[in-house]
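Visitor: Build me a structure from this.
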Amino acid sequence: MKHLLLLASIVLSFISCKKETIIEQDTPAVVTYQIIEMETNHGNMYIWLYDSTPLHKSNFIKLTSEGYFDSTTFHRVIPNFMIQGGDPNSKDADTANDGTGGPNYTIPAEIRSDIKHKRGVIAAARTDNPAKASSGSQFYISVSTSGTQNLNGLYTVFGYVMKGMEFADLIVNQPRNKTNNRPFINQYMKVRVIQKTLQQIKDEFGYTPEF
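Guide: Purely as a prediction, here's the structure:
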């Protein structure tokens, strides 16, 4: 009888442990997404990067994680058009070389017919080249209310400013040198990768992500 009671106790203990394991496995993992927090002189912009342009997304996240963009400036601003930044040359005192720098590589074009230019998009700048390959680091944010539709099919759009476009508007309207469109006062950026759930993105930024 003692052996039977001991066996029953062992079986019940095993069942209890197994049940606890199942409960743990059934607990859903919290899924978060990498987004970009871009700190400017005026306030922060929050940027969603598209999965459908994976080369540009991974490159931007890599450079951001390395601190590549920190202390660079928006070196070119054109009202009713766009603000451009991401050039490491904009860190130095020589303003004549702004717009010519980068990480010494280009990114193959990921131009998609289903991703159009519109106000708030972030897209890759580039030099004139037949393959339309993108600059390794320079980018622009469209501030045009018409969305710079004339650039569709010419440059890779790889993300969208979910929140903070009012700060892009402040940057684009800074007094500037009309010859090269460089602001007289440096418009610095500091860029970080942060993690948010889809619900946090919807609640905090009022944005339903496009993949």
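Visitor: Give me the contacts around whichever strand or helix holds Thr64.
Guide: Element membership of Thr64, judged by DSSP states H and E, is helix 54-65. Helix 54-65 has contacts (C-beta atoms under 8 Å, 6 or more residues apart in numbering) with 34, 36, 49-51, 69, 103, 107-108, 110, 124, 134, 136-137, 139, 156, 158-159, 191-193. The way it works is simple: take the backbone N, C-alpha and C, and place the C-beta from them, glycine included.
Visitor: So for it, mean pLDDT?
Guide: The pLDDT scores in helix 54-65 average 98.
Visitor: then it to PDB, C-alphas only?
Guide: The C-alpha trace of helix 54-65 is given here as PDB (Å, rounded to 0.1, in the frame of the first residue of the first chain):
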ATOM      1  CA  PRO A  54      15.500  45.500 -46.500                       C
ATOM      2  CA  LEU A  55      18.900  46.600 -47.700                       C
ATOM      3  CA  HIS A  56      18.200  50.200 -46.900                       C
ATOM      4  CA  LYS A  57      16.600  49.300 -43.600                       C
ATOM      5  CA  SER A  58      19.400  47.200 -42.400                       C
ATOM      6  CA  ASN A  59      22.000  49.700 -43.500                       C
ATOM      7  CA  PHE A  60      20.300  52.600 -41.700                       C
ATOM      8  CA  ILE A  61      19.900  50.500 -38.500                       C
ATOM      9  CA  LYS A  62      23.600  49.400 -38.700                       C
ATOM     10  CA  LEU A  63      24.900  53.000 -39.100                       C
ATOM     11  CA  THR A  64      22.600  54.300 -36.400                       C
ATOM     12  CA  SER A  65      23.800  51.500 -34.000                       C
END
